[in-house]
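> What follows is a protein structure lacking sequence information:
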């Protein structure tokens, strides 16, 4: 997460013992209930129709044959039936509407960070709740994969309200066992378990390396959307004075003078370079990007994404 600190002198490292899954406390269950209410309201009032219009089914299903009439597409002629009957017949198909939506969420320790009053993990849980409720409202299946430095949880795609509530609960309550972030392994597992073309949302801050090739493979086989959760402090520390920063994933500790121009320049330069590399990778991989700032309503970013998708489909693109 704090890669821009590599140019600064490191301070004392304070290791933190890893924590595994814990019993779900009542405050988490209460938070699940609040997210359910908010997510279902957003789906009913805003996103259900947009979701349906943007995400198409993954194929077509044969329904029946009927006699050819002028104006029918000649490519739909069923030549076997035509040969048997002596009259031209065409095949009729229905669009296969059901989708599989896979939510791939980064639960590494940087998810506990948030300078705006809400952490990445909280925003990710609510955002994924909206996407999951949108999916089941359209009779789609939704699954979940959580990863840190390895895949920590896989919930196979299914339907139903109780299934979505479990997904939200896991996102809120999960405490990573590992320290770092290995997105490569997570994306490789997603590619192996999804046999048919699916819609994959990858939710992360994307402060990690080594996932370029599996992301490109996933982008070719599936409809892949990167959801980047950004904290404003990752781009600007101006006016904050002396800060003691601890990397949640490595335990590395440094003291920064946020008022120093050199510190601000290093932060700005490295953040811009990282953003540029990611943007190029997403374009090359055919992966859409939703940028969500923790200090801004994620609803606006989702709405802009749906509008872009709808406009692009209107021009004949995926």
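Structure received. Nothing here was measured: the structure is a model prediction, and the numbers come from that model.

> From now on I want contacts and neighbour counts done on CA atoms only, so please keep to that.
Fine.

> residue contacts, residue 218?
Residue 218 sits next to 187, 191, 224 when contact means C-alpha atoms under 8 Å, 6 or more residues apart in numbering.

> so how far is residue 90 from it?
35 Å (C-alpha to C-alpha, to the nearest Å).

> ok, now which ones touch residue 228?
So residue 228 contacts 203, 204, 205, 206, 289, 290, 291, 292 (C-alpha under 8 Å, 6+ apart).

> for it, phi and psi?
Residue 228 adopts backbone torsions of phi -100, psi 120, taken as degrees, to the nearest 10.

> ok, what's across the strand from it?
The partner list for residue 228 in beta bridges (DSSP bridges) reads residue 204, residue 291.

> for this protein, longest helix please?
For the chain, the longest helix by residue count, based on DSSP state H, is helix 261-285.

> Which other helices and strands does that helix contact?
On a contact count with 3 or more C-alpha pairs under 8 Å, 6 or more residues apart in numbering; DSSP states H and E, helix 261-285 meets helix 212-221.

> now the helix it packs on, how far from the centre of its chain.
The chain centre lies 14 Å from the centre of helix 212-221; the measure is C-alpha atoms, centre = their mean, to the nearest Å.

> Listing request: residues of the stretch 151-300 of the chain with sub-threshold pLDDT.
235-251, 256-260, 263 (pLDDT under 70).

> ok, back up a step: and which of the contacts of residue 228 is nearest residue 51?
Nearest to residue 51 among the contacts of residue 228, counting by C-alpha to C-alpha, is residue 290 at 14.7 Å.

> Grab the nearest non-local neighbour of that closest one.
Counting by C-alpha to C-alpha, 6 or more residues apart in numbering, residue 290 lies nearest to residue 227, which is 4.7 Å off, once chain neighbours are set aside.

> which residues does the one you found contact?
201, 202, 203, 204, 289, 290, 291, 292.

> Which one of those residues is nearest to residue 212?
Of these, the one sitting nearest to residue 212 (C-alpha to C-alpha) turns out to be residue 202, at 13.2 Å.

> On the three-state scheme, the closest one is what?
Using DSSP: H, G, I helix; E, B strand; the rest coil, the structure places residue 202 in strand.

> isn't it right up against residue 105?
Yes - at 6.0 Å, residue 202 counts as touching residue 105 under the criterion of C-alpha atoms under 8 Å.

> between the two, what contacts are shared?
Counting by C-alpha under 8 Å, 6+ apart, nothing touches both residue 202 and residue 105.
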